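Q: Next one to model:
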Amino acid sequence: MASNKSRFLIALAFLAPALVCVFLLRLWPAAVAVHDSFQAPGGGFSFENYSYIFTDEDFLNSLKTTAIYSIIVNPLQIAVALALAVLMNAGMRTIGVWRTIILLPVAIPQSVSAVVWGVALRPDGLVNSILKTFGLEPLRFLTSPDQSLASIILIVSWIGVGYWMTFLVAGLREIPKSLYEAVRIDGANRWQQFWYVTLPQLRRPLTFVLVANTVANFLVFAPVQILTQGGPQGSTNLIMNEIYSQAFVLSDPASAAASTVVLVAVTLLVVTIQFRLMSAKEDQA
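A: Presented below is the predicted three-dimensional model:
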């Protein structure tokens, strides 16, 4: 018993710094946010903050914009990451060079990437200069309500695709080659090999990437704040940017706390649905 107790204390000593960090940086701020979200302006328990944000046009617009953004960016990033993972796993020539190019954005902070893209997408920037070379009209990437959200999706995907690709490449390398040999003997072409072998065997890595990617995209903030501040006309006002505006621009921390609770609840709901769907598919398989 003494031996087991000493092992437990040693393990606890090693885990203590991580547990303290989790408590101070995650659990305690979450508890404070929930507490503040139910505080009335004059003190006491109240749902007034929630009533306010769900009648606030800016917050409702941020929910709508975040929903549109997530519906587009999540499948886009996963599809591109999966396609790149398959190519990286296929033994292409100069694979090391291509892998470096794809993973380079992962090593650059989001804020730096946002600044670089902001310069490239200016009306007189590199991208419009290339368009003019081909005789095309310049575009208002970050200053047009119709193009700004697509530009943010492009920038965020450029940053994130390489990161998610690494997990899928690791999953592909775990698939036994004997499975491919077996289906090739049965006459399966490459598309059939991908559909009946690769995808089913990648279900667990894909589930992780789907969930982690969803959470990461719900929390996107730096590119929006640096490049558009939620504009023009609220077209890029994602929920994280709206929470920042409530807390630090409008000096309304109670509404920001309520919005944070809503964001966490929506994220947990979406992630739970994703887990259920992927688990159901795995059970059917």
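
Q: What ranges does the stretch 1-150 of the chain have for its helices?
A: Along the stretch 1-150 of the chain, counting by DSSP state H, counting those that start in this stretch, helices occupy 2-22, 28-37, 48-53, 57-88, 95-107, 110-120, 126-133, 148-173.

Q: Could you say which of those is packed most deeply?
A: helix 148-173 (a mean of 21; mean count of other C-beta atoms under 10 Å). Glycine gets a C-beta too; all of them are placed from N, C-alpha and C.

Q: Which elements pack onto it?
A: Under the contact definition 3 or more C-beta pairs under 8 Å, 6 or more residues apart in numbering; DSSP states H and E, helix 148-173 sits against helix 57-88, helix 95-107, helix 110-120, helix 203-218, helix 222-227.

Q: Tell me which helix or strand comes right after it.
A: helix 177-185 (DSSP states H and E).

Q: helices or strands up against that following helix?
A: Helix 177-185 packs on helix 190-193, going by 3+ C-beta pairs under 8 Å, 6+ apart.

Q: List of residues touching the helix it packs on?
A: Helix 190-193 is contacted by residues 180, 183, 184 when judged by C-beta atoms under 8 Å, 6 or more residues apart in numbering.

Q: Out of those residues, which end up buried?
A: residue 180 (16 or more other C-beta atoms under 10 Å).

Q: okay if I get the helices and strands packed on helix 148-173 as a markdown table plus mean pLDDT?
A: What follows is the helices and strands packed on helix 148-173, written out as a markdown table (pLDDT from 0 to 100):
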| stretch | mean pLDDT |
| --- | --- |
| helix 57-88 | 94 |
| helix 95-107 | 81 |
| helix 110-120 | 91 |
| helix 203-218 | 91 |
| helix 222-227 | 94 |
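
Q: could I get the ones you listed as TSV with distance to residue 150?
A: Output for these, formatted as TSV (distance: least, C-beta to C-beta, whole Å):
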stretch	distance to residue 150
helix 57-88	8
helix 95-107	18
helix 110-120	13
helix 203-218	15
helix 222-227	13
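
Q: Which of these sits closest to residue 244?
A: helix 222-227 (6.7 Å; C-beta to C-beta).

Q: re earlier: could you export the helices of the stretch 1-150 of the chain as TSV, including distance to residue 224?
A: As requested, those are exported to TSV (distance: least, C-beta to C-beta, whole Å):
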stretch	distance to residue 224
helix 2-22	27
helix 28-37	21
helix 48-53	19
helix 57-88	10
helix 95-107	17
helix 110-120	9
helix 126-133	19
helix 148-173	6
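
Q: nearest to residue 262, of these?
A: helix 48-53 (7.1 Å).

Q: and that closest one, what does it pack onto?
A: Using 3+ C-beta pairs under 8 Å, 6+ apart, helix 48-53 sits against helix 253-284.
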